[in-house]
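Chemist: Build me a model from this:
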Amino acid sequence: MLFLAATLLSSTPAAEANDVPHRKHFVSTSLFMIANLLPNPPSFVQANFGTRLTKRDVLIVEAITWTYDAPLGIPWGPEKGAPTNAFPGFARDVGVGLAYQRFWWEGLFTTIHATPFLQTYHDEDGKRLATGFQLFLTARLGWRFDLFRKRLFIEPSIAATAWPINTNLPRAFQREEDRWPGYFLAEPGLNVGVQF
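Modeler: Below you'll find the predicted structure:
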């Protein structure tokens, strides 16, 4: 009888029983993949797998590939996208990286990413010129909006990126790269995902 009374007193109230379930894992991607539908697409693909280490701490594995035809450090403004700043060809990046995400309050989060990229440099006809390595670092601030009982989410964010290691660029690519900083501020992000 005493056991039954203790069980009833310690049971979860009905309001808490209907709370949203805790979801430990997620898969996500960037909504910016829609840019692949534009003329001269970046061939950008991103797939993430995340797991919660604690209620606030998340570890994420990211697989990313994309192409770009100008230095990444060109700041927002008229110089960005100007044909005079383009490479004489393009770079193709392929990498798998790690990210650590920390939730601070409600949906407010910060994330740090480190992605090593294998880079191939191509001329304007698509012929491979060289292969290099880039270490791409990102610091991100954003907000997670949970939808449908935390089954889905959307994460708008803003980031600062840097690439302290960037090797073996062909000479003409390196000349363009040297004109700009090895970082980029105010990079927007917009990830969507499914939690399970």
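
Chemist: Run through this protein and note the low-pLDDT ranges.
Modeler: In the predicted model of the chain, residues 1-21 satisfy pLDDT under 70.

Chemist: Which residue ranges of it form strands?
Modeler: With DSSP state E as the definition, the chain shows strands at residue ranges 25-30, 45-52, 57-68, 89-105, 108-123, 128-143, 145-147, 152-166, 183-195.

Chemist: between the fourth one and strand 57-68, what angle do the directions make?
Modeler: Here strand 89-105 points in a direction 160 degrees away from that of strand 57-68 (axes from the mean of the first three to the mean of the last three Cα atoms, to 10 degrees).

Chemist: could I have strand 89-105 exported to CSV, CA atoms only?
Modeler: Extracted C-alpha coordinates of strand 89-105, given in CSV (Å, rounded to 0.1, in the frame of the first residue of the first chain):
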residue,chain,number,x,y,z
GLY,A,89,37.9,28.8,-64.1
PHE,A,90,36.4,27.4,-60.9
ALA,A,91,37.2,25.5,-57.7
ARG,A,92,35.3,22.4,-56.6
ASP,A,93,35.3,21.6,-52.8
VAL,A,94,34.4,18.3,-51.2
GLY,A,95,34.6,17.8,-47.5
VAL,A,96,33.3,16.2,-44.3
GLY,A,97,33.6,18.2,-41.1
LEU,A,98,32.5,18.4,-37.5
ALA,A,99,30.5,21.1,-35.7
TYR,A,100,29.7,21.7,-32.0
GLN,A,101,26.4,23.5,-31.3
ARG,A,102,25.4,25.0,-28.0
PHE,A,103,21.9,26.2,-27.0
TRP,A,104,22.0,29.1,-24.6
TRP,A,105,18.4,30.2,-24.1
